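1. just need the structure, nothing else, for what follows:
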Amino acid sequence: MISLTEENYLKAIFHLINDENTVTVNELSKFLNVKMPSVNNMMKKFADKNWVHYESYKPLKITDSGKKQAALVVRKHRLTEMFLVEKMNFGWENVHEIAEQLEHIHSETFFDKMDEILNYPKFDPHGEPIPDKDGNVIAQDLKKLSSCEVGEQVIFTAVTITDDDFLSFLNEKKLVLGKKIEILNIEKFDKTMSVKIPGNKTVLSKMVCEKILVKH
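-> Numbering: from 1, shown residues only. As a prediction, this is how the structure comes out:
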């Protein structure tokens, strides 16, 4: 059985892994706020389980088995978030911390039943793909709102962070997933955007636009 600590490391790997299937000990240390020697010790254990290829002072190469285990932890988290929103009427800004706790339940049947009740959703309430039972993740071709130009019309598809304050801010702006966003103006000085959404016009700072993912 995988421990809670191991699952937290696996989830960190899922979020940090690059296109070459590598991540560094230093990146994990910063992401988890854990000292480097502790990360090295855990990665040696992961190497014994064939989840990573570990060599001192070199990036960790994540194996297919390691990628699957990492995706399955994230699957539990994102399914839980979706269940809380869809079946228990939580706001999308209130589910992350609860899912952080429930994701460590080890019953695969429990999460399979949750998946069935939700009719097998592909994405969580924040627009992030939910890995399937084999750890496969749907690839999305998204870009940051901050990279868009005046006149573009795009669809709000996901967010890069699930911070309560940020999501509450989006609620106040009536910005929800699936809404069309038209870029009306971009200030040259600070890249603040004036945008139009159905029934409303609003202004978004560059910091906010960096955290909103869109597609055409």
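
2. contacting residues for the most centrally placed residue in the chain?
-> The residue lying closest to the centre of the chain (Cα atoms, centre = their mean) is residue 128, at 5.6 Å. Residue 128 makes contact with 78, 158, according to Cβ atoms under 8 Å, 6 or more residues apart in numbering. The C-beta positions use only the backbone N, C-alpha and C, and glycine is treated the same way.

3. that one and residue 75: what is the separation?
-> Residue 128 sits 11 Å away from residue 75, going by Cβ to Cβ, to the nearest Å.

4. pLDDT weak spots in the protein?
-> Within the chain, no stretch has pLDDT under 70.

5. okay, now the domains of it?
-> With domains defined by automatic domain parsing, the chain comprises 1-139, 143-215.

6. end-to-end on the last one?
-> Start-to-end span of domain 143-215 (Cα to Cα, to the nearest Å) is 7 Å.

7. strands of the chain, start to end?
-> Taking DSSP state E as the test, the strands found in the chain are 22-23, 52-53, 60-62, 143-144, 153-159, 180-186, 193-197, 200-204, 212-215.

8. and the ones you listed: which comes nearest residue 94?
-> strand 153-159 (14.4 Å; Cβ to Cβ).

9. and the lengthiest helix in the chain, which residues are buried?
-> When the chain is parsed with DSSP state H, its longest helix is helix 64-86. When burial is assessed from 16 or more other Cβ atoms under 10 Å, helix 64-86 yields the following buried residues: 66-85.

10. same for that helix, what does it pack against?
-> helix 4-16, helix 96-102, helix 108-117 (3 or more Cβ pairs under 8 Å, 6 or more residues apart in numbering; DSSP states H and E).

11. next, the buried residues of the second one.
-> If I follow you right, that is helix 96-102. Under 16+ other Cβ under 10 Å, the buried positions of helix 96-102 are 96, 99, 102.

12. what is the burial count for the closest residue to residue 202 other than its chain neighbours?
-> In space, residue 202 comes closest to residue 173 once its chain neighbours are excluded; the distance is 5.3 Å by Cβ to Cβ, 6 or more residues apart in numbering. When neighbours are defined as other Cβ atoms under 10 Å, residue 173 has 15 of them.

13. any chance of the helices and strands packed on helix 64-86 in a markdown table, plus distance to residue 138?
-> Below are the helices and strands packed on helix 64-86 laid out as a markdown table (distance: least, Cβ to Cβ, whole Å):
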| stretch | distance to residue 138 |
| --- | --- |
| helix 4-16 | 14 |
| helix 96-102 | 19 |
| helix 108-117 | 15 |
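
14. thought residue 124 was touching residue 78?
-> Yes - contact between residue 124 and residue 78 holds when scored by Cβ atoms under 8 Å: they sit 3.8 Å apart.

15. mind listing the shared neighbours of these two?
-> With Cβ under 8 Å, 6+ apart, residue 124 and residue 78 have common neighbours residue 130.

16. re the thing from before, and the residue nearest to residue 202, what does it touch?
-> Counted by Cβ under 8 Å, 6+ apart, residue 173 has contacts 200, 202, 204.

17. cool, and residue 114?
-> Contacts of residue 114 (Cβ under 8 Å, 6+ apart): 79, 80, 83.

18. one more time with 7 Å
-> By Cβ atoms under 7 Å, 6 or more residues apart in numbering, the contact list for residue 114 reads 79, 83.

19. cool, thanks, signing off.
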